[in-house]
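> any chance you could fold what I've pasted below:
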Amino acid sequence: MALKSFIQLYPDSHFPIQNLPYGAFKPQLTAPARLAVAIGDYVLDLSEIAKAGLFHGPILTGSDCFLQPTLNKFLALGRPAWKEARATLQNLLSSTEPTLRDNADLRQKSLLPMSKVEMVLPMEIGDYTDFFSSMHHAKNCGTIFRGPQNPIPPNWFHLPIAYHGRASSIVISGTNIIRPRGQGYPTGDTPPYFGPSLKLDFELEMAAVVGPGNELGKTIDVNEAADHIFGLVLMNDWSARDIQAWEYVPLGPFLGKSFGTTISPWIVTLDALEPFACDAPKQDPHPLPYLAEKTSKNYDIALEVQIKPSGQKDSSVVTRSNFKNLYWTLTQQLAHHTINGCNLRPGDLLGTGTISGPEPDSLGCFLELTWNGQKPLSLNGTTRKFLEDGDEVIFSGCCKGDGYNVGFGTCTGKVVPPRD
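Numbers count the residues shown, from 1 in each chain. As a prediction, the model looks like this:
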């Protein structure tokens, strides 16, 4: 019999009892942040559940991890604590359990309408790394910039390539993105262009939230790496293509990427995603032993990008992709990150890189969709080569179960002009 909650749910809800993603919210703008899980159209305030003594398993009894403003302390406890919390919360919210269902006072204190609260970043992000794990994206970018003969460099098939991003400019969904200024390629013998980016782009990504992590100098085995991944969020790693193209040789992305990265507010756990696990693509050549997994898996997460052009009421779907299009798995990314002894810490964020598929409508950024501006895209009677001021970008992600969804909600951001 399928697990059901006493909370009334719409059939297409992203947040049934099978999901229970974690986030942080403020009941009022001036109030301290509190931790929660999403259930239907409500947030369940975990501080109230903890103060009521309802986390009484062997690991979480007496713990103050849910009385914190961020999830970092809970993330550090590891998978046994995560599983214990999930089991406790699924039991509390089930239709057959009276503890919360029949306690009107506790329900009033702990279940708040999602529309009445302000979502904030759910963890303190100490470090942020962005990978480059989609073969389709790598091939398209290489073809655009280097030609079709050898679009993917040979090292790409041997290691999950990444760069260290800027954690300070990661923002929660709904935050406006200020168009960055910077240098671009010079024309002829003129000095480099300087001004607002003329090629502002979105990047359809997801990101893994790190759990316990490792000590400096130690590594994480690829077959144990899943124990260090709490869950996933949607991520838009906004990119200024003109700034990036001029600056990236020889050290890689800098100002073209560091001005803003948006994540969705709810972290969907790997436990909730497990029913949607699927085989990862066959890797050829076979990876080196430290990246060779006993079980190599991705997740069947349908991803969609909509753009609402400035001044228009309606949005247009521009991309439909899927997380399973990734070549390098989450666990390979994490294991590779630590192979040199680099220490990962609770709350660190690991972006997947742009998730493009093989079809024309599954490309994860304007760079690919418009072939670097050469083929403008039609949107509700207007066209776009790249993003214009006032454009809003909306990501969504969802797994389709048997009679239920496990979803991520949305990850949104609107482009606004540079500040004076």
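> low pLDDT regions in the chain?
1 (pLDDT under 70).
> so what strands line up beside the longest strand seen in it?
Counting residues, the longest strand found in the chain (DSSP state E) is strand 405-416. The partner list of strand 405-416 in its sheet, established with DSSP bridges, is strand 177-178 (parallel), strand 392-400 (antiparallel).
> from the rest of the structure, what touches the longest one?
Strand 392-400 has contacts (C-beta atoms under 8 Å, 6 or more residues apart in numbering) with 14, 202, 204, 206, 234, 236, 264, 273, 275-276, 299-308, 315, 323, 387, 405-415. (Each C-beta comes from the backbone N, C-alpha and C, glycine too.)
> kindly report the same for stretch 133-152.
By C-beta under 8 Å, 6+ apart, stretch 133-152 touches 132, 153, 156, 160, 245, 281, 325-328, 333, 352-358, 362-365, 367-368, 371-372.
> recalculate using a threshold of 6 Å.
156, 160, 325-328, 352-358, 368, 372 (C-beta atoms under 6 Å, 6 or more residues apart in numbering).
> equivalent analysis for stretch 109-126, please.
Contact with stretch 109-126 is made by 23-27, 29, 33, 41-45, 48-49, 70-72, 167, 170, 172, 265, 267, 345, 347-349, as judged by C-beta under 6 Å, 6+ apart.
> quick check: buried residues in that stretch?
110-112, 114, 117, 119-125 (16 or more other C-beta atoms under 10 Å).
> kindly check the end-to-end length of it for me.
32 Å (C-alpha to C-alpha, to the nearest Å).
> now stretch 338-349
14 Å.
> buried sites along it?
Buried-residue list, stretch 338-349, by 16+ other C-beta under 10 Å: 338, 342, 344-349.
> same deal with stretch 178-189?
179-180, 182-184.
> okay, that stretch in CSV with CA atoms only?
Provided in CSV are the C-alpha atoms of stretch 178-189 (Å, rounded to 0.1, in the frame of the first residue of the first chain):
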residue,chain,number,x,y,z
ILE,A,178,22.3,42.0,-11.8
ARG,A,179,23.8,42.0,-15.3
PRO,A,180,27.6,41.9,-14.8
ARG,A,181,30.1,44.3,-16.3
GLY,A,182,33.5,43.2,-17.6
GLN,A,183,35.9,43.1,-20.5
GLY,A,184,35.2,41.4,-23.8
TYR,A,185,37.2,40.6,-27.0
PRO,A,186,38.6,43.7,-28.7
THR,A,187,37.5,44.4,-32.3
GLY,A,188,40.5,44.8,-34.6
ASP,A,189,43.2,47.0,-33.0
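> one step back: PyMOL command to pick out the buried ones of the contacts of stretch 109-126?
Selecting the buried subset of the contacts of stretch 109-126 in PyMOL, with 16+ other C-beta under 10 Å as the burial test, is done by:
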select buried, resi 23+24+25+33+42+43+44+45+48+49+70+71+72+167+170+172+265+267+345+347+348+349
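> out of the contacts of stretch 109-126, which sit inside helices?
Using DSSP state H, 48-49, 72 are the members of the contacts of stretch 109-126 that sit in helices.
> now render these as TSV, adding distance to Pro80.
Converted to TSV, these look like this (distance: C-beta to C-beta, whole Å):
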residue	distance to Pro80
Glu48	24
Ile49	19
Asn72	17
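> residue contacts, Asp292?
For the record, residue 292 is Ala, not Asp. By C-beta under 6 Å, 6+ apart, no residues touch Ala292.
> is the spatially closest residue to Arg345 that is not a sequence neighbour in a helix, a strand, or coil?
Leaving aside its sequence neighbours, Arg345 sits nearest to Gly213 (C-beta to C-beta, 6 or more residues apart in numbering; 4.8 Å). At Gly213 the chain is in coil, as set by DSSP: H, G, I helix; E, B strand; the rest coil.
> burial measure for Gly213, as a count.
When neighbours are counted by other C-beta atoms under 10 Å, Gly213 registers 21.
> okay, it and Asn72: tell me how far apart.
In this view, Gly213 and Asn72 are 11 Å apart by C-beta to C-beta, to the nearest Å.
> then Val393?
28 Å.
> swap in Val268?
18 Å.
> and the helices in the stretch 51-200 of the chain?
Here the stretch 51-200 of the chain has its helices, by DSSP state H, counting those that start in this stretch, at 72-77, 79-93, 98-101, 104-110, 135-146.
> ok, the stretch 251-400 of the chain next?
Going by DSSP H, counting those that start in this stretch, the stretch 251-400 of the chain shows helices at 270-273, 330-338, 366-369.
> gap between the first one and the chain center?
Same thing as helix 270-273. 14 Å (C-alpha atoms, centre = their mean, to the nearest Å).
> ok, now the last one?
The offset between the C-alpha centroid of helix 366-369 and the centroid of the whole chain comes to 20 Å, using C-alpha atoms, centre = their mean.
> relative to Asp227, how far out is the residue lying closest to His56 once chain neighbours are set aside?
What sits nearest to His56 in space, not counting adjacent residues and going by C-beta to C-beta, 6+ apart, is Thr88, at 7.8 Å. As judged by C-beta to C-beta, Thr88 and Asp227 stand 20 Å apart.
> on that earlier part again, which of the contacts of strand 392-400 count as buried?
Counted by 16+ other C-beta under 10 Å, the contacts of strand 392-400 give 14, 202, 204, 206, 234, 236, 264, 273, 276, 299, 301-308, 315, 323, 387, 405-415 as buried.
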